[in-house]
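1. I need the structure of the sequence given here:
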Amino acid sequence: MSKRNLFNPVTIFAVVIAAAAAYLLLIHEPAIEEERPQQAVPVRAQAVQMSEYRDTIEALGTAQANESIVVTAQAQDIVTAVFFDDGDVVEAGQRLVELDSREETARVQELKFRLAEANRQYQRLLDLSRSNAASQQQLETQDVVVKETIAALEVAETQLAQKRITAPFGGRLGIRNVSVGSLVSPGQEITTLDDITPIKLDFNVPELFFASLQIGQTVAARSGAYPGEEFIGEIRGIDSRVDPLTRSILVRALIPNEAIKLRPGMLLRVSLLRSVDETIIVPEKAIVPMQDRHYVYVIEDDNTVTQTEVTIGRRKPGIVEVLGGIEPGQQIVTEGIVRLRDGVSVIVREG
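-> Next up is the predicted model:
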């Protein structure tokens, strides 16, 4: 048989038919889809219940001393004595530094002697005037001398007092900046003095919350220097104006500081309790947002889930207030939401 007769159309058609029959009979087996029951999705759930929602205002504040001054010299002279060291706690009126006051001391002593003599002369003239041995003019002139001497003595005592620097109020001193023998000038800083028991806390609150502020309201402050510790105080002052640039108002709280842990200038995180409400609170991860709506998966009695729309309210990190859509006692899914859809069976895992 020639090659031409071997590959004629009839032969090719027969080969194609045979190959198709072999594929259908030997290779391809029609898939038989068996209906398999859908497996239940493992999830974690939580019962819906009423909880306490503490609505707080958060702010950053700066600690300020209750009273604070820079101790300075009022006169120029040599330091002759220093009666404090760095960080000392002093009482009101306690002497801190003494300047060379020999000249002022002598001046005061001189005027005291002159005043004593002027008073003696005035008394002598007064006795003489009773017997008409001294005129009224002499008596009045001596009275002027007495008053002038008293005034001069007061000036001298004031100048002497300026050479003795004392604490105007009790508190804690800062770093000492002078030594014995150094020359100080008026206005030169000697040290700082802070009364930090109690301590003031200044912070700004947005004007949106102005109506929630009141004198005596409790505040809680936290410092990075003392992790986990809260410092409780109360509002003592609210500024009379709102800052037009920041649209906030300055609030001042007073915090007891008996342990002297807080120092002026420290940065504190302030929490101000606005209200305490009983409401439904759910984990933030239980909420499924879809466009402008929010849903949760409610577990029914037959262990299937129903996608339920809810109305949410206030938020905090990790939790959301639910205003409507679910009721206390219902079970909602908190973990395993990705594999869920309406009507799916679930298995609630413990823990």
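2. so who does residue 142 touch?
-> 118, 121-122, 125 (C-beta atoms under 8 Å, 6 or more residues apart in numbering). The C-beta positions use only the backbone N, C-alpha and C, and glycine is treated the same way.
3. just the buried members of the residues you listed?
-> Buried residues within the contacts of residue 142, defined by neighbour count using 16 or more other C-beta atoms under 10 Å: 118, 122, 125.
4. return the subset of the contacts of residue 142 lying in helices.
-> 118, 121-122, 125 (DSSP state H).
5. return the member of those nearest to residue 297.
-> residue 118 (101.0 Å; C-beta to C-beta).
6. quick check: what element follows the helix or strand encompassing residue 160 along the chain?
-> Assigned by DSSP states H and E, residue 160 belongs to helix 136-161. Downstream of helix 136-161, the first helix or strand assigned by DSSP H and E is strand 164-166.
7. in that next one, what counts as buried?
-> 165-166.
8. between the ones in helices among the contacts of residue 142, which is closest to residue 185?
-> The closest of the ones in helices among the contacts of residue 142, once distances to residue 185 are taken by C-beta to C-beta, is residue 118, at 35.8 Å.
9. ok, now which ones touch the closest residue to that closest one other than its chain neighbours?
-> The spatially closest residue to residue 118, leaving aside those adjacent along the chain, is residue 146, at 4.5 Å (C-beta to C-beta, 6 or more residues apart in numbering). Counting by C-beta under 8 Å, 6+ apart, residue 146 touches 115, 118-119, 122.
10. for the contacts of residue 142, which one is nearest residue 152?
-> residue 118 (10.6 Å).
11. how distant is stretch 237-244 from the center of its chain?
-> 18 Å (C-alpha atoms, centre = their mean, to the nearest Å).
12. what does that stretch contact?
-> With contact meaning C-beta under 8 Å, 6+ apart, stretch 237-244 is reached by 204, 207, 210, 213, 215, 248-252.
13. give me that answer again for 6 Å
-> 207, 213, 249-252 (C-beta atoms under 6 Å, 6 or more residues apart in numbering).
14. need those in JSON lines (columns: distance to residue 171, neighbour count and pLDDT).
-> Output for the contacts of stretch 237-244, formatted as JSON lines (distance: C-beta to C-beta, whole Å; neighbours: other C-beta atoms under 10 Å; pLDDT from 0 to 100):
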{"residue": "207", "distance to residue 171": "35", "neighbour count": "14", "pLDDT": "92"}
{"residue": "213", "distance to residue 171": "29", "neighbour count": "15", "pLDDT": "91"}
{"residue": "249", "distance to residue 171": "29", "neighbour count": "19", "pLDDT": "94"}
{"residue": "250", "distance to residue 171": "24", "neighbour count": "17", "pLDDT": "96"}
{"residue": "251", "distance to residue 171": "24", "neighbour count": "25", "pLDDT": "96"}
{"residue": "252", "distance to residue 171": "19", "neighbour count": "16", "pLDDT": "96"}
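15. circling back: closest to residue 272 among the contacts of residue 142?
-> Using C-beta to C-beta, the contacts of residue 142 come closest to residue 272 at residue 118, 65.2 Å.
16. looking at it, that closest one is touching residue 144, isn't it?
-> No - look at residue 118 against residue 144 with C-beta atoms under 6 Å: they stay out of range, at 9.6 Å.
17. could you pull out the strands for the stretch 51-200 of the chain?
-> Listed in chain order, the strands of the stretch 51-200 of the chain (DSSP state E, counting those that start in this stretch) span 77-82, 89-90, 95-99, 164-166, 171-173, 183-184, 189-206.
18. now mean pLDDT and distance to residue 219 too, for the ones you listed, in TSV please.
-> Putting the strands of the stretch 51-200 of the chain into TSV (pLDDT from 0 to 100; distance: least, C-beta to C-beta, whole Å) gives the following:
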stretch	mean pLDDT	distance to residue 219
strand 77-82	92	40
strand 89-90	92	27
strand 95-99	93	35
strand 164-166	92	35
strand 171-173	92	23
strand 183-184	92	41
strand 189-206	94	7
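19. to residue 152, which of those lies closest?
-> Nearest to residue 152, of all the strands of the stretch 51-200 of the chain, is strand 164-166, at 19.6 Å by C-beta to C-beta.
20. what pairs with that closest one, parallel or antiparallel?
-> Strand pairing for strand 164-166, using DSSP bridges, gives strand 95-99 (antiparallel).
21. so how far is the strand it pairs with off the chain centroid?
-> Centroid displacement of strand 95-99 relative to its chain, using C-alpha atoms, centre = their mean, is 38 Å.
22. only the buried residues of it, if you could.
-> Those buried within strand 95-99 under the rule 16+ other C-beta under 10 Å are 96-99.
23. hmm, back to that, distance of the residue nearest to residue 118 relative to residue 172?
-> From residue 146 over to residue 172 the distance is 45 Å, taken as C-beta to C-beta, to the nearest Å.
24. for residue 281, same thing?
-> Counting by C-beta to C-beta - residue 281 and residue 172 are separated by 45 Å.
25. repeat for residue 279
-> 46 Å.
26. which residues does stretch 260-279 contact?
-> So stretch 260-279 is contacted by 50, 53-59, 61, 63-65, 194, 199, 203, 212, 219-223, 321 (C-beta under 6 Å, 6+ apart).
27. again with stretch 113-121
-> Everything outside stretch 113-121 that qualifies as a contact, by C-beta under 6 Å, 6+ apart, is 142, 145-146, 149, 153.
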